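Undergrad: the sequence and its predicted three-dimensional model are supplied below.
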Amino acid sequence: MFAYVIRRFFYAIPILIGVNVLTFSLFFIVNPTDDIARMHLGQKHVTEEAIEKWKHERGYDKPLFYNESQSGLSSITETIFYKKSVRLFVFDFGYADDGRSIGKDILERMWPSLAIAIPVFLVGILVNISFALLLVFFRSTYIDVWGVIFTVVLMSISTLFYIIGGQYLIGKIMQLVPISGYDSGLSGFKFLVLPVLIGVVGGIGSSTRWYRTIFLEEIGKDYVRTARAKGLSELTVLFRHVLKNAMIPILTGVVVIIPLLFMGSLLLESFFGVPGLGSYTIDAIQSQDFAIVRSMVFLGSVLYIFGLLLTDISYTMVDPRVRLN
Amino acid sequence: MHRIIHGWWFFPISGLSILLLLLNVLPSVFAVKATYLWTDIFIFILLVMVVIFVAYIRSKEHLSRPWAKVFERKLPMASVVVLLVFIVIGLMDSIHFRMPLPSEHNETVHYSVDVSSVLDVLTSELHTRDEKTYSAPFAAYSFVKESVDLPGGGSERIYPRLKYAGSHLDDPDKQIADDITFRIIKSLWQTIASGVIFFAALIFIASIKLKKSFAEVVRGVLQNNTRLSWRTAILVMWLILFIIVFLVNTSTFYHIFGTDKVGQDVLYLSLKSIRTGLVIGSLTTMVMLPFAIMMGIAAGYFQGWIDDVIQYIYTTLNSIPGVLLIAAAILSIQVYISNHPELFATSIERADLRLLALCFILGITSWTGLCRLLRGEAFKIRELEYIQAAQAFGVSHFRIISRHILPNIMHIVLIVVVLDFSGLVLAEAVLSYVGVGVDPSTNSWGNMINGARLEMAREPLVWWSLVAAFSFMFVLVLAANLFSDAVRDAFDPRAQRDG
């Protein structure tokens, strides 16, 4: 087990290098840094000095890969590639355009993101699995047919509609909760209700259908017939047998998301004014702060790969047949 | 000659060549200058491919059987009719040209810098009659108060009459309800009359083709005894016909969905956005398909280091969160476009290139899923006995892949293409909100929502832009979802309907 984890860890390194090289070429090779500077400073009437100053402030005035003016090791370390990309591997994210430390910002903004993402995740799983089990229990009846059409309708509605509609209906007309805002601790509870509710509702359509297909696939298997032949009730079959065995396909889809919960939800956080990582990313994209976008790309990839590893480990816990080696 | 006409490819090829000829001749007939945008070219290539694909499928019994299963059912049939309406509007909006400017002498003709499309010409009543600012649906008065000079001197703040909407009425407050009712009744009557003629003609043609009596076919349709669900199709077409007739009857007298901040008709904006939605939904999958198919099959068939390399590529691309990869790529392209303004003649060309770039980037982020599926399937098929027999006979890899593997994975490709469509249409709105979607000058539902969102705080609420964009998007996505469900049921051997 331990050896497996170590091996997977080494397997992750080439992927992270690939991500790194890809983002590096997107940000520095496709466009010369001069062009980026010119766009930030406004297209017209930009002097050479202003561009140089802008590049110097952000450390973009170094050569890309090899610095001839330096000697020894620093001819490699005093380059954009080393400073901006290689340093990401030790989670040194550098500074944003407004001079704040990105690493510190991430640590601070992680908590509001989790405050929304974790409830959405847990409540979502509970609601979706129960709904899917309900549909499966009533399979081949009108409840199932209309339930599936209902999920298709839910799926066809834009997330933006859920958010805007929810804010308008519950926040503005009914005035049950504040429209947007955030507070830490218990007093922040009232701010979280609406985004969590909308996050859950927005996910019902596609997730329920996904769980339903998994359950239907399990229900056609031999062990289910055996269980029924023993005279077990349909409910016992569903909860004791089908649900347990469906855990393996469910885990593949679910565990991989867990680490990514840190990244927060772009839309929910931005609409509800939550100071999390999602709104951080969206603000960075909108103000074209490339340093933050680059850091978030790297962080996202690390978390995704971590999620894949978690998935593999979780298999061994639910399925005794799986051995990692 | 006889043999040629019976080849499955005869009709699509001849039809398309006539179309191409028309495309070349028509601009000179109407004295306009044809403009080919990049996405237009891709759309028409896609259209050609779909037409050939359909003709090929119709010629083979074993290929058309699952499709018949799709059209036997009511819901898919209805959604296909709706989808076709969207597609026709999108295609009309993809034929672009520049109108000639009026010239007094017989000099060389100059063409307007504004690029219009066939849809623009058909809806010219909608976009040439802009109001000053917001107005509600079916309103005759502006939404915003204005200072108006009174005839006797001095001024007053009132809601002024709109310049165009409801201008045919003397006293809108009293007449507007009657006027709209009258138009609804008129549209109903026209729909029924024209529908009866149209569908009678359609059934008449069908009865000749089927060699049955007219009454027999009518009875078959009414009792829904036809093989495909034609009754549903006709009912939905009738409904759509009513909507179109109603729009024609009212939209030149009112702004049915109101007007936006600069007084543009929201209905027109929503219609123009259809093309953007369709382009993103279809071109994205079209650009990713060749990569996904080639790499997926190569990885599954050849295995070894090729498999390793391809798996490495898609794991790497997959590990970057989608929105962030799109954002990073679009930001880079933005820098490129803003630093090379000399490359684009008109602003619509610049916006078009960004749309195309968005399709490519979305394609790059979304091909990994299909690639992985195909890899697994090719891996399975490769081990089957008939492939081993082919290998033993010394059949080349290329032939094995094209003759034995490709036809056996096409159902997966088809299912993924139709499933992805609706997700991509929805993604456009989100990406436009994030600021990495289509160009702000492009008409799209995402841009409409984004613009209207800022007015949410207004009192009373400006809701019509949002409602229009969301409903258009909802209808398209719902139709696509219902259709793709049916396609999956018909083609996926594992899908078990009714549990």
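TA: That came through fine. Predicted model, so just to flag it, every value in this text is computed and none were measured. Numbering: from 1, shown residues only, chains lettered A, B, ... in the order given.
Undergrad: what about whichever residue of the stretch 101-250 of chain B sits closest to chain A, distance to B:Phe421?
TA: Using C-beta to the nearest C-beta, the single residue of the stretch 101-250 of chain B nearest to chain A is B:Thr232, 15.2 Å away. (Glycine included, C-beta is placed from N, CA and C.) Using C-beta to C-beta, to the nearest Å, one gets 21 Å for the distance from B:Thr232 to B:Phe421.
Undergrad: more neighbours, those two?
TA: Between B:Thr232 and B:Phe421, counting by other C-beta atoms under 10 Å in any protein chain shown, B:Phe421 is the more crowded of the two (24 against 20).
Undergrad: which helix or strand contains the more buried one?
TA: Using DSSP states H and E, B:Phe421 falls within helix B:406-434.
Undergrad: and that helix, average pLDDT?
TA: The average of the pLDDT scores along helix B:406-434 is 88.
Undergrad: circling back to that earlier point, and the residue of the stretch 101-250 of chain B closest to chain A, what does it touch?
TA: B:Lys74, B:Met77, B:Ala78, B:Asn224 (C-beta atoms under 8 Å, 6 or more residues apart in numbering or on different chains).
Undergrad: report the buried residues of the one helix or strand it maps to.
TA: Using DSSP H and E, B:Thr232 sits in helix B:230-250. For helix B:230-250, the neighbour count (16 or more other C-beta atoms under 10 Å in any protein chain shown) marks B:230-234, B:236-238, B:241-242, B:245-247, B:249-250 as buried.
Undergrad: nearest to B:Ser338, of those residues?
TA: B:Leu247 (38.7 Å; C-beta to C-beta).
Undergrad: contacts only, for that closest one.
TA: B:Ile256, B:Leu267.
Undergrad: do the same with the one 10 residues further on
TA: Shown in contact with B:Phe257 (C-beta under 8 Å, 6+ apart): B:Pro137, B:Asp265, B:Val266, B:Leu267, B:Ser270, B:Trp464, B:Ser465, B:Val467, B:Ala468.
Undergrad: now do the phi/psi pair for the nearest residue to the fourth one once chain neighbours are set aside.
TA: What sits nearest to B:Leu267 in space, not counting adjacent residues and going by C-beta to C-beta, 6 or more residues apart in numbering or on different chains, is B:Phe257, at 4.6 Å. Reported as degrees, to the nearest 10, the phi and psi values for B:Phe257 are phi -100, psi 20.
Undergrad: again with B:Ser117
TA: phi -120, psi 170.
Undergrad: isn't it right next to B:Arg98, touching?
TA: No - shown here, B:Ser117 and B:Arg98 do not form a contact pair, counting by C-beta atoms under 8 Å, at 10.8 Å.
Undergrad: of the two, who's got more company?
TA: Legend: neighbour count by other C-beta under 10 Å for B:Ser117 and B:Arg98, higher for B:Ser117 (21 against 18).
Undergrad: from B:Ser282, how far out is that one?
TA: Taking C-beta to C-beta, one finds B:Ser117 at 17 Å from B:Ser282.
Undergrad: so where's the chain uncertain?
TA: Reading this off chain A. A:42-45, A:63-64, A:66-68, A:70, A:72-78, A:322-325 (pLDDT under 70).
Undergrad: that answer is for a different chain, and I need it for chain B
TA: Judged by pLDDT under 70, the stretches of chain B that qualify are B:1-8, B:103-107, B:345, B:493-499.
Undergrad: could you chop it up by domain?
TA: B:2-101+B:265-498, B:131-250 (automatic domain parsing).
Undergrad: now those in TSV, with distance to A:Asp289?
TA: Converted to TSV, those look like this (distance: least, C-beta to C-beta, whole Å):
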stretch	distance to A:Asp289
domain B:2-101+B:265-498	10
domain B:131-250	34
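Undergrad: not counting its neighbours along the chain, what's nearest the spatially most central residue of chain A?
TA: In chain A, the centroid-proximal residue (C-alpha atoms, centre = their mean) is A:Leu260; its distance is 3.8 Å. Nearest non-adjacent residue to A:Leu260, counting by C-beta to C-beta, 6+ apart: A:Leu303, 5.2 Å away.
Undergrad: fine, thanks again, bye for now.
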